[in-house]
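Enquirer: okay, here's the prediction I keep looking at, along with the sequence it came from:
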Amino acid sequence: MLKKLPNQYISLWQWLIIAIILFGYAIYNALALFTLPFVNTAESTVFSTGDNYIALVIQSLLLLTLFLYLRYIQFDWRSLPFRWEWRSLWQAVVIFVITSLLIDIVTGLYHGFLPLQWLHVFSNIRNALASIDLSLIIYSLFNGIYEELFFLGLCFAVKPSQRVYAVLFSLLIRCAFHLYQGLEYTLYIGIIMGIVYITLYRYWQSRNLLTFFIAHALSDIFGLSVLYYFSQ
């Protein structure tokens with residue numbers, strides 16, 4: 001008997017099951033916070049060292065569940081475009097800057113642009129770097145892998161005939177579990193960041209998940225804004 005070859009594609013339903021595995025609990029919590037009256041979104045977006053490590057443990061268990069499920073459906077996860085390349089580092093920075101500037105522009109058009117304080121940029125960057133601890137770096141790197149493995153890697157592993165639906169659902173899911181940050185910022189992350197990542201991943205000839213893992217980690221560490229550092 002011939003051994004069945006691993007699958008290089010998954011169905012839309014299998015992808016949605018993966019979405020529930022990875023983000024079902026997070027969406028539930030985000031919706032619960034979003035629907036509560038008088039929730040301070042500023043407080044709900046501040047995470048302690050302990051919070052970062054707890055999230056790391058929880059997501060590690062969910063990621064293990066994901067790989068067990070992929071094994072069950074015989075998906076060849078090794079077919080995903082991931083490889084180490086030094087150029088992924090600067091490409092990630094470019095993606096981070098593009099995404100952040102787009103969000104800065106939309107925010108400025110909506111709220112008005114803050115005056116730029118060029119002389120303060122270095123002190124602002126220094127203060128931002130001082131607020132970064134090891135737990136934030138570790139969790140951000142892991143979270144970049146966790147989220148973009150799903151939103152890009154597995155989304156584009158959906159059968160071509162069903163992929164457009166996965167892409168649209170991915171924007172909705174990316175929005176849903178960020179609702180605890182407030183509706184406006186949720187739309188920035190879910191729509192702007194989502195569309196930029198999907199577009200670049202789709203049309204970049206040297207498609208590599210590593211680039212987007214790092215870009216996402218940078219956004220978790222520094223926040224999705226560039227002009228912020230020039231406006232304090």
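Expert: Structure's in. What do you need? Numbers count the residues shown, from 1 in each chain.

Enquirer: ok, Leu102 - how many residues close by?
Expert: 17 (other CB atoms under 10 Å). Heads up, the C-betas are built off the backbone N, CA and C, glycines and all.

Enquirer: that one reaches Ile192, doesn't it?
Expert: Yes - counting by CB atoms under 8 Å, Ile192 is a contact partner of Leu102 at 5.4 Å.

Enquirer: so where do the helices sit in this protein?
Expert: For the chain, the helices defined by DSSP state H occupy 12-35, 41-44, 49-72, 87-111, 121-130, 134-148, 163-176, 183-187, 194-203, 209-222.

Enquirer: CSV for those, including distance to Pro6 and mean pLDDT?
Expert: Putting these into CSV (distance: least, CB to CB, whole Å; pLDDT from 0 to 100) gives the following:
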stretch, distance to Pro6, mean pLDDT
helix 12-35, 14, 93
helix 41-44, 41, 54
helix 49-72, 9, 95
helix 87-111, 26, 92
helix 121-130, 43, 71
helix 134-148, 21, 96
helix 163-176, 19, 96
helix 183-187, 36, 88
helix 194-203, 22, 96
helix 209-222, 18, 96
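
Enquirer: quick one: which of those is nearest Leu80?
Expert: Comparing the helices of the chain against Leu80 with CB to CB, the closest turns out to be helix 209-222 (6.2 Å).

Enquirer: which residues are in contact with the closest one?
Expert: 80-85, 88-89, 91-93, 95-96, 99-100, 128, 132, 136-137, 139-141, 143-145, 147-149, 152-153, 193, 197, 200-201, 204 (CB atoms under 8 Å, 6 or more residues apart in numbering).

Enquirer: give me the residues contacting stretch 79-91.
Expert: Contacts with stretch 79-91, where a contact means CB under 8 Å, 6+ apart, come from 6, 8, 149, 153-154, 157, 206-211, 214-215.

Enquirer: for PyMOL, write the select line for the buried members of these.
Expert: Those of the contacts of stretch 79-91 that count as buried under 16 or more other CB atoms under 10 Å are selected in PyMOL with:
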select buried, resi 149+153+154+157+207+208+209+210+211+214+215
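
Enquirer: report pLDDT for Val158.
Expert: At Val158, the pLDDT value in this model is 97.

Enquirer: actually His120, not the one I typed
Expert: pLDDT at His120 comes out at 63.

Enquirer: and Asp133, how far is that from Thr49?
Expert: As judged by CB to CB, to the nearest Å, Asp133 and Thr49 stand 6 Å apart.

Enquirer: anything in contact with each of these two?
Expert: Joint contacts of Asp133 and Thr49 (CB under 8 Å, 6+ apart) do not exist.

Enquirer: next, count neighbours for Trp15.
Expert: Residues lying near Trp15 (other CB under 10 Å) number 22.

Enquirer: ok, now Ser219?
Expert: Ser219 has 22 nearby residues by other CB under 10 Å.

Enquirer: and if you look at Tyr53?
Expert: Neighbours around Tyr53, by other CB under 10 Å: 14.

Enquirer: got it, and Ile21?
Expert: 16.

Enquirer: OK, contacts around it?
Expert: Neighbours of Ile21 in contact, by CB under 8 Å, 6+ apart: Leu62, Thr65, Leu66, Tyr69.
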